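Novice: Take a look and give me a structure for this.
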Amino acid sequence: MDTSPLEKIGFTPGEVKVYIALMHLGTTTAGPIAKEAKVARSKLYDILDRLSKKGIASHSIRNNIKYFSIAQPSRLLDFLERKEQDIKKQKREIKNILPSLEQEYDLQHLQQDAEVFEGLDGLKNIREKYINSMKKGDKIFFIGVPSSAYDNLEAYYKDWNLKRIKKGIDSFTLFAHEARNHPYVKEKFVHKHTFTRFLPKNMELYSWMEIYQDTIVIAINYKKSLSIVITNKYIAETYRQYFNLLWKTSSPV
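Specialist: Down below sits the predicted model:
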């Protein structure tokens, strides 16, 4: 008989031997079972106990002597059914703790990089990198963009925005109030995939923030051009929430 299916459902080699021995012997005492199964007597009772817990074996006592027997082979299906129920329960338990486990894993394997780019080329290169990695339906968030952001870069930003719009990437920009009358900012009012609002007056802003997926860029183009790029999904998500709060309290065009 091919006994490999028994091992596949969780029987140990010793349990298989004892099960087959009981199949051959019928109801009997420990001695004949140990001899037939070629299992040490010291291990036999432990094996019989495990088979009993599986619902496969049982015992009775006659004249103070313990006799062992196996259940109908169809009880193997009952055993498998209980295993399936146990697996479903374990699956539910794992699902309950999965968020905590994933958070712990993320903390240990979190991509976290910080880079500094100087000059106008640095500002351009960062934006090219992220626009090329994004796809239709993605969103970019800008916080506190002053008119100085476009100094010596207006032509570049026009080309960059055309590329963004063509790819179907949405842009949400909170401008500094003083940028309201900038010619290029006015153009953005009618661009597709482009949403603009303005922060309150009397805020003198020089730098701004950009959020791309799991990356935040802190940039300045006033007297000196500089970009600090931080890749950290938790920081990016935090700033997205800041953006959402500011967006709700800002004024539209």
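Novice: How many neighbouring residues does residue 166 have?
Specialist: For residue 166, the count of nearby residues is 11 (other Cβ atoms under 10 Å). (Each C-beta comes from the backbone N, C-alpha and C, glycine too.)
Novice: Give the buried residues for the helix or strand containing it.
Specialist: Per DSSP states H and E: residue 166 is located in helix 154-167. Across helix 154-167, burial judged by 16 or more other Cβ atoms under 10 Å covers 157, 161, 164.
Novice: what mean pLDDT would you report for the longest helix anywhere in the chain?
Specialist: Looking across the chain with DSSP state H, the single longest helix is helix 75-109. Across helix 75-109, pLDDT averages out at 85.
Novice: Let me know the next secondary structure element after it.
Specialist: strand 113-118.
Novice: Counting by contacts, list what that next one packs against.
Specialist: Under the contact definition 3 or more Cβ pairs under 8 Å, 6 or more residues apart in numbering; DSSP states H and E, strand 113-118 sits against helix 119-133, strand 224-231.
Novice: what comes up buried for the helix or strand following the longest one?
Specialist: So the one you mean is helix 119-133. Moving toward the C-terminus from helix 119-133, the next helix or strand (DSSP H and E) is strand 139-145. Judged by neighbour count using 16+ other Cβ under 10 Å, the buried positions of strand 139-145 are 140-145.
Novice: Next, give me the two most distant ones among those residues.
Specialist: 140 and 144 (14.3 Å; Cβ to Cβ).
Novice: picking that back up, out of the helices and strands packed on strand 113-118, nearest to residue 11?
Specialist: Set against residue 11 and scored by Cβ to Cβ, these come closest in strand 224-231, at 50.8 Å.
Novice: buried sites along the helix or strand following the closest one?
Specialist: Sequence order places helix 233-249 as the next helix or strand after strand 224-231, per DSSP H and E. Neighbour-count burial for helix 233-249, counted by 16+ other Cβ under 10 Å, picks out 235-236, 239-240, 243, 246.
Novice: Show me what helix 233-249 packs onto, helices and strands only.
Specialist: Applying 3+ Cβ pairs under 8 Å, 6+ apart, one finds that helix 233-249 contacts strand 139-145, strand 170-175, strand 207-212, strand 215-222.
Novice: Quick one: work out the angle between it and strand 207-212.
Specialist: With axes from the mean of the first three to the mean of the last three Cα atoms, to 10 degrees applied, the angle from helix 233-249 to strand 207-212 works out at 110 degrees.
Novice: Out of the buried residues of helix 154-167, which comes closest to residue 48?
Specialist: Nearest member of these to residue 48, counting by Cβ to Cβ, is residue 164, at 72.4 Å.
Novice: Pretty sure the closest one sits against residue 171.
Specialist: Yes: look at residue 164 against residue 171 with Cβ atoms under 8 Å: they come within range, at 6.2 Å.
Novice: The residue most central in space within the chain: what's it in contact with?
Specialist: The structure's the chain has its C-alpha centroid closest to residue 102; by Cα atoms, centre = their mean the separation is 6.1 Å. By Cβ atoms under 8 Å, 6 or more residues apart in numbering, no residues touch residue 102.
Novice: Relative to residue 95, how far out is it?
Specialist: Distance, residue 102 to residue 95, using Cβ to Cβ, to the nearest Å: 11 Å.
Novice: Compute the inter-axis angle for the helix holding residue 166 and helix 119-133.
Specialist: Going by the same axes, to 10 degrees, helix 154-167 makes 10 degrees with helix 119-133.
Novice: Just checking the distance from helix 154-167 to the centre of its chain.
Specialist: Relative to its parent chain, helix 154-167 has a centroid offset of 33 Å by Cα atoms, centre = their mean, to the nearest Å.
Novice: can you check stretch 72-91 too?
Specialist: Chain-centre distance of stretch 72-91: 31 Å, with Cα atoms, centre = their mean.
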